[in-house]
Every structure is written in C-alpha cells, then in structure tokens.
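Trainee: Provided below for reference: sequence and predicted model.
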Amino acid sequence: MNKSISITEGIEVGVTTQFRSDVSQTKESSYFFNYRITIENRNNFAVQLVHRDWFIFDSLNPPVHVSGEGVVGQKPVLEPGESYHYTSGCELHSELGSMHGFYTFVNQASGEPFQVKIPGFDLIFPGRLN
C-alpha cells in the first residue's frame, strides 16, 4: 500500500491504495483498485464536503473526468479536529494508471465554498513491478 497526503486550506487529505486481485480479471484487462480516503478538518470552523472531481488516467485509454455531489452518497460535515474516512474503487483496463482531483467544501461559518486538493496517487498492477 502506498500513501499520499496533502493539506489545502486547513483540510488534510490522505489516500492509501490497494490492488484487488480477488475482483480483477487481468487476462481480460480488468485491473481493480481500492482507495481509502481520510479527510481531517484542521480548521477552527466546521466544513461540509459537497462535491468531488476526479481525473483518472489509464495508460491505454483516454483520461476520464468524474464529477459529482458528495462522496459515496454522503455530504459529510466535519467539525474542527474531526476526521472522515471512506473507501471506493477504480477499474483500469491497463496495468498502469493514476488518479488526482479536488473536493469542494463549504465553510459552515461563512458559507463560502473552497477547493481542496486530492493528492495524486498511482494505480499499478503489482505484477508490473516484477
């Protein structure tokens, strides 16, 4: 597992990834990865995650931009010092890829939206590393 971390506007975002051999079909060019996101509010005000934008690179396919409300069906509110975790997944059709993006949060005190960077991370089929 690899870990990537970034801090933007007082929000720490950490990502760990895992190749899922149990659901991948490598002979059919299906490589499935889980990514676990940890978000921590280091500000002295509450924030709400309202939107996500992901940019997915698959080495043999055109890049994909995924945009939508919340994460995994939720729009969590994080009080100062609170953390939120979720796990999601991505299927690639090649052995090499990567993801990065940003979340849009709303400052609950001022009502102002702001963007938070999701650190880039690689998605690499472990057999490729041998």
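Mentor: Received it, and whenever you're ready, just let me know what you need.
Trainee: now the nearest residue to Leu96 once chain neighbours are set aside: how far from Cys90?
Mentor: With sequence-adjacent residues excluded and distances taken as C-beta to C-beta, 6 or more residues apart in numbering, Leu96 is closest to Ser59, at 4.2 Å. Where C-beta positions appear, they are placed from N, C-alpha and C, glycine not excepted. Between Ser59 and Cys90 the distance is 13 Å, computed by C-beta to C-beta, to the nearest Å.
Trainee: Overlap in contacts, the two.
Mentor: Residues touching both Ser59 and Cys90 (C-beta atoms under 8 Å, 6 or more residues apart in numbering): Gly97.
Trainee: so what strands line up beside the helix or strand containing Gln48?
Mentor: Element membership for Gln48 (DSSP states H and E) is strand 47-58. Strand 47-58 has the following strand partners under DSSP bridges: strand 61-69 (antiparallel), strand 77-78 (antiparallel), strand 96-107 (antiparallel).
Trainee: Need those in a markdown table (columns: mean neighbour count, distance to Lys117 and mean pLDDT).
Mentor: Putting the strands paired with strand 47-58 into a markdown table (neighbours: other C-beta atoms under 10 Å; distance: least, C-beta to C-beta, whole Å; pLDDT from 0 to 100) gives the following:
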| stretch | mean neighbour count | distance to Lys117 | mean pLDDT |
| --- | --- | --- | --- |
| strand 61-69 | 11 | 15 | 96 |
| strand 77-78 | 18 | 16 | 98 |
| strand 96-107 | 20 | 5 | 97 |
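Trainee: Pull the number of nearby residues for the nearest residue to Ser94 once chain neighbours are set aside.
Mentor: Nearest non-adjacent residue to Ser94, counting by C-beta to C-beta, 6+ apart: Leu60, 3.9 Å away. Residues near Leu60, counting by other C-beta atoms under 10 Å, number 11.
Trainee: Great, nothing more from me.
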